[in-house]
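predicted model, plus sequence, below.
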Amino acid sequence: MPMLSGQPLQTSPMNDGDNTNPSDNTHIQDIIDVRLSRRGVLKGGIAASTTALFSGLGLSACGGSSNNRNDTPSLSFDAVAKNLNDVVTVPAGYQVSILHALGDPLTTTDAAWADNGSESADSYNRRIGDGHDGMHYFGLSDAGAFDANRSDRGILCVNHEYVVGPYALHSNGRSAGANRSATEVEKEIYAHGVSVAEIRRGTSGTAMTMVRGSTYNRRVTSATPMAFAGPARGNALLQTRYSTDGTTTRGTNNNCGNGYTPWGTYLTCEENFTNVIGRAAGDNALRSAKEVTALNRYGMTQGRNSPYLWDTAGSDDLFVRWSASVTGASAAEDYRNIFNTFGWIVEIDPFNPNSTPVKYTGLGRFAHEGCWPCKAVAGKPVVFYMGDDSRNEYIYKFVSKALWDAADVGKGHTAGARYMSEGTLYVAKFNSDGSGTWVELTHGKNGLTAANTTYPFADQADVLVNARLAGDVVGATKMDRPEWGAVNPINGEVYMTLTNNSNRVSPTATPTGSQLKPDTANPRYYEDIKGGTTSQKGNPNGHIIRWREAGGDPAATTFAWDIYLFGAEAGAAANVNLSGLTAVNDFSSPDGLWFDQNGMLWIQTDDGAYTDVTNCMMLAAVPGKVGDGSAATAAGGTPTIKGANATEATVRRFLVGPKQCEITGIAMTPDRKTMFINVQHPGEDGSLSSPTSAWPTSQTDATSTKRPRSATVVITRTNGGEIAV
């Protein structure tokens, strides 16, 4: 999470988003230098080439409308002003309630949150976890099955990314010392993961409340048993003392973005899993050169202590498994491979609380921000898009081998095994002319062989466990921290937030270390948004890229792209504020992204560059389509391709969060009358002795002094109507 404005862009110690890609892949700028001259760009060379490209591609993708219409309703609310208040601010005519917050019990037998950290560790197997993040709503029929059209009763699955502070979870905050308290660590292990809870509307109105004691209520934590599926199941790279055959594991961690499946299951995504695992100094000497290459590429260097230090809490297997050090004679005697058991897409069946979650290895291992499906079309593959949320990392998609059959709706993990165990993983290359290519990551193709000099891939399991290395080998495009994605249900185009990059330097500079020059798809390196100061380096405001698959086929291997919106302050120079944002819609560091059923796009921020002016926010947008803009030139002279400028009619601020929070996670009932968003880490810069927020209690009590907590918010219209239209 970026820190406050006016300081160098940073990330929280509980977030490894600053791990950088050290590969020497060709950058888009190198392609530009060969294929385009500066003079040609100024004469409209990019615009001409992209116009030709767009006209040659099909107009729909991912099951969207074949005529590429965009009949999204217009925005009907007054824009919310930027502010620094300690409440969730919504437009006039809307109301806010809290569904659940850290520590709230899922059962009727556990006591309510006490506001003093006294809850037992074990109780967090039955309480709402910490760091609310991605989520999804599933309609629940009277018979207890998935009902995609049910709005008054459902199951809400919510990710819990990390332990905030952690001054809300423990009585006196985290204890000091090199060795952690077993009681504190156990509580933190159970506070990670996912909460599954039944929710219902009352006899009147459209607000919803959690049903305590429901048989569907469930916690999936960092200690929950899980199964592996797909090509890496049973591979030696997944063998541990817990699972000597590499077929099972325990726990899911650092669950940030999410996804869902057409058959009605929840996908949770393991992002910054490096944070919970340590590795001893001198461990390289006990490893092969190949192992060291793989560990280093994912940031698991020898001598690395994890921020959580869970592996220091004692000799119990619950704790020692968080060390990736070689301590036994083989992988079956220690946890040297524990690191390989995280970084996957995990499927949870919310309708079967006794089912075992499944990690699908076919979708690759990296810092998964999310997993977003195209609309399922009968007789076509199921396609998911994914981002690797770290500086200079890649965008991926998975295409199932099996073809979609609507008869599989409601079949839970049985359907998951069919569509997610076998398929093809691709990584994206964005070309300077607005075209792109999906490069297959299959063993034996594109240099992914045992003879490769960068990394000798033994088999397909090796490719998937080390997907980042595979992306390096095939020359994928390094991006400005790929975060959330979303697929437009109207025309099938795909959007992805690139939240920021603190490591891009001037096109005329000589990069050092992991630094990058800007390129067409990531064109900004420095934005003079603070009155001429040089306090903001890199790309602190981020942007949203989008693409349209060739021929309207989600399984296509080529696409057309442009940049939908550039984050910026309204007063920034035109070559920084490239999308023409104004006071009603300016934003910074886009993160969460979601399309509702009518094709309205919702954009959430996790910002550190504008937080001296406003808390993080959510905007509603009426999107256009790829190719509706023109060529542009960013500050410093880098050419790019942007979408149509934003206007108050097409992009408008809907919500501003409380102090020092991130707005993240979004879901909505099928009738569009009840919206859910998450507020993560309110008051994150405070402490027990000097709090900076009292949210969520400050939402209704401005004098509250209670501890701040991450929570899920319910937003409805006072007239009971649809949201935002």
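Received it, and whenever you're ready, just let me know what you need.

which residues of the protein score low on pLDDT?
1-20, 24-72, 526-538 (pLDDT under 70).

tell me where it has helices.
Secondary structure of the chain (DSSP state H): helices located at 28-35, 38-42, 45-55, 182-191, 289-297, 317-320, 412-420, 460-465, 467-474.

what's the local residue count around residue 590?
Neighbour count of residue 590, defined by other CB atoms under 10 Å: 28. Bear in mind the C-beta positions are built from the backbone N, C-alpha and C, glycine included.

return the residues in contact with the residue positioned nearest the centre of the chain.
Closest residue to the average C-alpha location of the chain: residue 369 at 2.7 Å, with CA atoms, centre = their mean. Each residue near residue 369 by CB atoms under 8 Å, 6 or more residues apart in numbering is listed here: 256, 257, 269, 271, 386, 387, 388, 389, 482, 483, 484, 485.

do residue 524 as well
By CB under 8 Å, 6+ apart, residue 524 lies in contact with 504, 518, 539, 541, 543, 566, 576, 634, 635, 636, 638.

I'd say the first one and residue 542 touch.
No. The pair residue 504 / residue 542 is not scored as a contact, 11.5 Å apart, by CB atoms under 8 Å.

quickly list what's touching both of those two.
Both residue 504 and residue 542 are in contact with residue 480, where contact means CB under 8 Å, 6+ apart.

how close does the nearest residue to residue 189 once chain neighbours are set aside sit to residue 320?
Sequence neighbours aside, residue 222 is the residue nearest to residue 189 in space, at 4.4 Å (criterion: CB to CB, 6 or more residues apart in numbering). Using CB to CB, to the nearest Å, residue 222 is found at 14 Å from residue 320.

for the stretch 251-400 of the chain, what spans make up the strands?
For the stretch 251-400 of the chain, applying DSSP state E, counting those that start in this stretch gives strands covering 255-260, 266-270, 345-348, 358-360, 372-373, 381-387, 391-393, 395-403.

likewise the stretch 501-650 of the chain?
Here the stretch 501-650 of the chain has its strands, by DSSP E, counting those that start in this stretch, at 543-549, 558-566, 590-595, 601-605, 617-621, 630-633, 639-642.

OK, contacts around the nearest residue to residue 699 once chain neighbours are set aside?
Leaving out its chain neighbours, the residue that sits closest to residue 699 by CB to CB, 6+ apart is residue 87, at 5.2 Å. Under the criterion of CB under 8 Å, 6+ apart, the neighbours of residue 87 are 96, 658, 695, 698, 699.

mind checking which of those land in strands?
Using DSSP state E to define strands, the subset of those located there is residue 96.

pick out whichever of the contacts of residue 87 sits closest to residue 468.
Proximity of the contacts of residue 87 to residue 468 was ranked by CB to CB; the top entry is residue 658 with 35.5 Å.

state the number of residues packed around residue 512.
For residue 512, the count of nearby residues is 7 (other CB under 10 Å).

please state the backbone phi and psi of the residue nearest to the centre of the chain?
The phi and psi values for residue 369, taken as degrees, to the nearest 10, are phi -90, psi -30.

quick one, what contacts residue 688?
Applying CB under 8 Å, 6+ apart, we find residue 688 in contact with 167, 172, 173, 707.

thought the second one was touching residue 116?
Right, the one you point to is residue 172. No. Look at residue 172 against residue 116 with CB under 8 Å: they stay out of range, at 9.4 Å.

so what's residue 381 up against?
With contact set as CB under 8 Å, 6+ apart, residue 381 has these partners: 399, 400, 401, 402, 403, 404, 423, 554, 555.

tell me the bridge partners for the residue lying closest to residue 243 once chain neighbours are set aside.
In this structure, residue 243 finds its nearest non-sequential neighbour in residue 249, 6.0 Å apart by CB to CB, 6+ apart. Beta-bridge pairing for residue 249 (DSSP bridges): residue 226.

residue 249 touches residue 232, doesn't it?
No. Using CB under 8 Å, residue 249 makes no contact with residue 232, being 11.3 Å away.

those two: which has the busier surroundings?
Neighbour tally, residue 249 and residue 232, criterion other CB under 10 Å: the higher count belongs to residue 232, 27 against 23.

I'd guessed the more buried one sits against residue 360; true?
No. Between residue 232 and residue 360 there is no contact under CB under 8 Å: 9.5 Å.

and residue 127, what does it touch?
Shown in contact with residue 127 (CB under 8 Å, 6+ apart): 102, 103, 104, 105, 106, 110, 113, 119, 219.

if you skip the residues just before and after it, what's nearest to the second one?
With CB to CB, 6+ apart as the criterion, residue 103 has its nearest non-adjacent residue at 3.9 Å, and that residue is residue 113.

ok, residue 77 next?
Excluding its sequence neighbours, the residue lying closest to residue 77 (CB to CB, 6+ apart) is residue 91, at 4.0 Å.

that neighbour: neighbour count?
Neighbours of residue 91 under the rule other CB under 10 Å: 19.

what does residue 508 give?
Neighbours of residue 508 under the rule other CB under 10 Å: 8.

and it, what are its phi and psi?
The phi and psi values for residue 508, taken as degrees, to the nearest 10, are phi -90, psi 0.
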